[in-house]
Structures are given as structure tokens and as C-alpha cells.
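> fold the following and give me the result.
(one chain, ligands or ions: 3)
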Amino acid sequence: MIAKTYSFTVVGLESYAIEIEVDVANGLPAINLVGLPDTAIKESRERVRSAIKNSGFQWPAQRITINLAPSDLRKEGAGFDLAIALGILAASGQIDDRQFKNYAFLGELSLDGEIRPLCGVLAIALALANYPIKNIILPVENAPEAAIVPEISVWPLKNLNAVVQFLNDPTIYPPLKLIPAEILTHQAQYSLDFSEVKGQYFAKRALEVAVSGGHNIILIGAPGSGKTMLAKRIPTIMPSITLKEALEITKIHSVAGTLSTKVGLLGTRPFRSPHHSISDVALIGGGSLPRPGEITLAHSGVLFLDELPEFSRKSLEALRQPLEDHEICVSRIKKTLKFPANFILVAALNPCPCGNYFNPQKVCHCHTTKIKNYLGKISGPLLDRIDIHIAVPPVKYQELTQTQDAESSIAIKLRVENARKIQQKRFSTFGITCNAQMTGKLIKKFCLLNKNAEELLRLAIAELGLSARGYNKVLKVSRTISDLAQSNAIQEEHVSEAIQYRALDRSIN
Ligand SMILES: Nc1ncnc2c1ncn2[C@@H]1O[C@H](COP(=O)(O)OP(=O)(O)O)[C@@H](O)[C@H]1O
Ligand SMILES: [Mg+2]
Ligand SMILES: [Zn+2]
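Ligands and ions are numbered 1, 2, ... in the order given. Modelled structure (predicted):
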């Protein structure tokens, strides 16, 4: 007899339906799995066999053939166990297959028949929403992420026996339903706040400007000056997350297996801080079964690269394309997969080998050529994608011992959101969302300077040694500063502030 069940697999960030056919026929006892299964699926034979026996059913002493279709799709993971086990039980006449056409089945089986969680369930739930079958039986741990998709019905069940019982009478449990908007409100809480950072008014202002215009930023300061502390709080001043963004972030983290199972939806923007020893693939994404890298895990949030010059040249080179396109193309044998990668890049580095350069309270003993060499490591194409660089000197003792709280993240975020609204309106017909994304043509159109401002910028370029490369960046950042001030025109003071955010132009040139 033949039985048919449905399950799903994840490729990249997308999910595809898998049809599982099981044939139990007379012949020498044997089991055959066809349809390009990987090693994980071969292992699944053993798990399914134990789970069936330990759930009180018979393992058929017949010839079992299992086909996973479509055959050209490379299938990964242990998520088909449950569907295979049910297929075997029905094909061997031990259970009824009447309900199989109404449900998709998802889950790895443990040897005693418990249903274990897997990665990528939100991606599967979103695919199911566009599939004729809208009901899914899945592991309890994965239920919240699936139940936020309104189009589908989700039944979290504990073990194989519970599934068999449910299929005999699907009225015994109601489906789990969650309301995404409610969860989002509940989840959108950060544990950190800018009010905890004493002093550092200049750095905080620069971060506010960076986030407002979507500008990438470099923080230059000695160890202990507070760079990491500042960077970690950037997501708290980014615009409030929308439901669409939350779903996208959650899907990415679900596929990558970095989603905590208790929450259905990630309501906070990610902060990713990979170590400089990270491999290119882990940073950018890819592999034989392509997985999102750190740049995709940072999507909609912050990618923090601490000790930037320590990253391999190859890794830094690989960042250029996604910084430009806000997505990454990962090639596979048959097709190219795209992962989103739109984040604010925050890089930190020591100002010089001794750490004291840029610190007004200490003396730097490094030779100028040594400093140039050190900073030169990060010059070039990557630096070209970073609009703001500032020095972060350690906070003064008096400021550190202040007892009153500094300005809260919410207050800063409010200004950021207002500045973003102006940009969205400005660029509504240009296909971009913020000032950092302006091309040369748009800069000419939207960053007009009056005589005084123009003169100031000319002087800065000539006398402070600001590079020509910095010219367009100063214009873009000036635009953001004037947006924060709700000013239509870019004023002299906006340009003069923007010039202060070009620390590396002065040191490298
Ligand atoms: N402005 C500040 N306000 C309050 N605490 C600070 C400040 N700057 C530094 N600290 C304290 O010093 C610690 C080290 O700062 P950190 O951000 O790790 O420095 P860096 O990343 O530059 O090496 C922080 O965890 C924090 O406790
Ligand atoms: Mg640090
Ligand atoms: Zn030094």
C-alpha cells in the first residue's frame, strides 16, 4: 500500500514543499530512501525505526520504499522524520491516512518518539501561507514562530503518539494562534539605554547623526574609552521596528538557528559583533548549503566590527559589495541565492599602536609613519563606504562619577525618526530611503550650499587637509544634520559639524 504525506524544507531563506511517498510491499525486509537525500536523511531511517517501535507500533518486516519529491531539490535536515514515520504507519495499515491531505508534518523524531525542534520554521510557515494546505503539525518549541503567520493553523504536538491520536480526531486540540502586533509590542524592549553612557556628548551626537542618515561610522579610541558600550546601544535609537521588518529578521534568525525558541517574533534590532578571526563565509554567508552570514544576521540592525584593522583583507574586501547593494548574492551549483544585508556598519579601532593618538590627555609616542601604516590598513574601498569617523577619548573622571542619568534612548530616537520621515518624503520617487544612499547626482540635487557654507567647505578641504574623497561625504552628512534640525537649507553650522566627523581624512592624508 502507498501513503503520501507532506513536509517542507528550507533552501537559503526560502522554503519548499516536499511530498513523501511511502510504499510498503511484500518482499525481503529492506528500506530504501530515494530523492537525493543527504546523510541526515539516511540517519533518519534509524531514528524513525526506533521511534515507531518505542511508540508501541510495529516496524513492518517488508520492503519499504520512501521517495522524497521533487528529486532535484537538495534536501537537508531531520525535519522529515515525522512525515516519514506517519507514511510508514499508514502504508503498513497501522493507522488511517484520511487526514494526510489536510496537514503538513514537521519535526525530527527522537528514539522514543518525541518530536524535536528544527531551524527555519518561520520560513516554512510563510511558505505554507501560499500553499493549498494551510495546517501544520510541528514541534512544540517551534510553535510560536509559526503561529504568528495569520494565514495558517498550527498544532504543536509532543510525540508520535499524540499525532496519531490527533489525526484520529482533529477536534481534540484547537490550533495555537498568536497575534503578531501584540507580541511585537511586548518584545520591542531593549535592555540597554544611552542614559547609562556618561559624558561622550560628541560621540553620542555623531551616532545620532549616523543613525538618522543611515551613515556607516568608525569610532577611534583607546581600549576602555567606551566604543563597545556606545555601539551596543545604537539599535535603541534606530527607528521603531515595523511588523514587516520583525518578520524578516525573525525569519533570518530562524533559518540560522539563532532564534530563542520562547519568542515567536524578534522585536528588537540585531546587534552583531563577530570576532576579527571570523571566516569569510561566516561573515558574508554561503557554504555548500548556503547559510546567512553575520552581515545578514545584522540585517535591519548594526554590524559592529571591533578592531577593524585586525580583520583579514579578504573579509574587508568582501564587505564592499553588500555595503553598496544592501544584499549579498551567494552562488550555489544551480542558482544564485540572495540574502538581505542592510545594516549600519560600526567599526572600532585603536588610533595608533600605543592608543594615545587623538587623546587630549595623553601623549602618543608613535612615529607618524607608524600611525600612517596602521591607519592605512583600513584605507581604500571600504573606507569609501564610511561617511563618519570620530575620535572617542576616554570619558573624564568627573563625568564618569556623575550620578544623574544622561539623555535616554527614547528621546534620541524621536529626533532620529523625525529626520527619517523628512528623508522618506524627499526620496519617495528615487528608490532610496536615507541620505547615505544618495548618488552623486542626488547629492547635486539635494545638497545645495549657500555661499558661506560653500566657502567654509572649500577652506576645510584646502587648509585642514580634508581629502577630495571626503567632499561628497561631508555634503551627505550635512544634509542629515540639517534634517535633524528640521531645516530645509543646509546652513553653515551644519557643514561645520559635518567636517568634524572626518577624523581619518586629516590623519591619513
Ligand atoms: N562614558 C561612559 N559611561 C559609563 N561607563 C563607561 C563609559 N565609558 C566606559 N565606561 C565603562 O568602561 C567599560 C569599558 O568600555 P568599553 O565600551 O568596553 O571600551 P572599548 O570598547 O572602547 O574598549 C564599559 O563597560 C563601562 O563600564
Ligand atoms: Mg571594545
Ligand atoms: Zn600612539
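> mean confidence for the biggest helix by length in the chain?
Using DSSP state H, we find that the single longest helix of the chain is helix 409-426. On average, the pLDDT along helix 409-426 is 96.
> now do whatever helix or strand comes next after that helix: which elements does it pack against?
Once the chain leaves helix 409-426, the next helix or strand it forms, by DSSP states H and E, is helix 440-446. Applying 3 or more C-beta pairs under 8 Å, 6 or more residues apart in numbering; DSSP states H and E, we find helix 440-446 packed against helix 469-484. Yep, even glycine has a C-beta here, placed from its N, CA and C like the rest.
> how far out from the middle of the chain is the helix it packs on?
Between the centre of helix 469-484 and the centre of its chain there are 27 Å (C-alpha atoms, centre = their mean, to the nearest Å).
> could you pull out the buried residues of it?
By 16 or more other C-beta atoms under 10 Å, the buried positions in helix 469-484 come out as 470-484.
> looking at the residues you listed, spot the one nearest ligand 3.
Ranked by distance to ligand 3 (C-beta to the ion), those are led by residue 470 at 23.2 Å.
> might you report the residue contacts of the spatially most central residue of the chain?
Nearest residue to the geometric centre of the chain (C-alpha atoms, centre = their mean): residue 297, 2.5 Å. Applying C-beta atoms under 8 Å, 6 or more residues apart in numbering to residue 297 gives the contacts 252-253, 256, 258, 270, 272.
> can we see that at 10 Å?
Neighbouring residues of residue 297 by C-beta atoms under 10 Å, 6 or more residues apart in numbering: 249, 252-253, 256, 258, 270-272, 274, 282, 285, 291, 303, 339, 341, 343.
> mind giving me the PyMOL command for buried ones among those residues?
Filtering the contacts of residue 297 down to the buried ones (16+ other C-beta under 10 Å) takes a single PyMOL command:
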select buried, resi 249+252+253+256+270+271+272+274+282+285+291+303+339+341+343
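> please flag which of the contacts of residue 297 sit within helices.
249, 252-253, 256, 282.
> dump those to CSV, plus distance to residue 60 and pLDDT.
Output for those, formatted as CSV (distance: C-beta to C-beta, whole Å; pLDDT from 0 to 100):
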residue, distance to residue 60, pLDDT
249, 45, 92
252, 41, 94
253, 40, 92
256, 38, 90
282, 44, 94
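> now the helix or strand hosting residue 228: mean pLDDT?
Per DSSP H and E, residue 228 falls inside helix 227-232. Helix 227-232 shows a mean pLDDT of 96.
> return the set of buried residues in it.
Buried, per 16+ other C-beta under 10 Å, within helix 227-232: 227-232.
> and which of those is nearest residue 398?
Among these, residue 229 lies closest to residue 398 (C-beta to C-beta), at 18.2 Å.
> what's near enough to touch the closest one?
Per C-beta under 10 Å, 6+ apart, neighbours of residue 229: 192, 194, 196-198, 200, 392, 395.
> any idea which of the residues you listed is closest to ligand 3?
For those, the nearest to ligand 3 is residue 392 (15.1 Å; C-beta to the ion).
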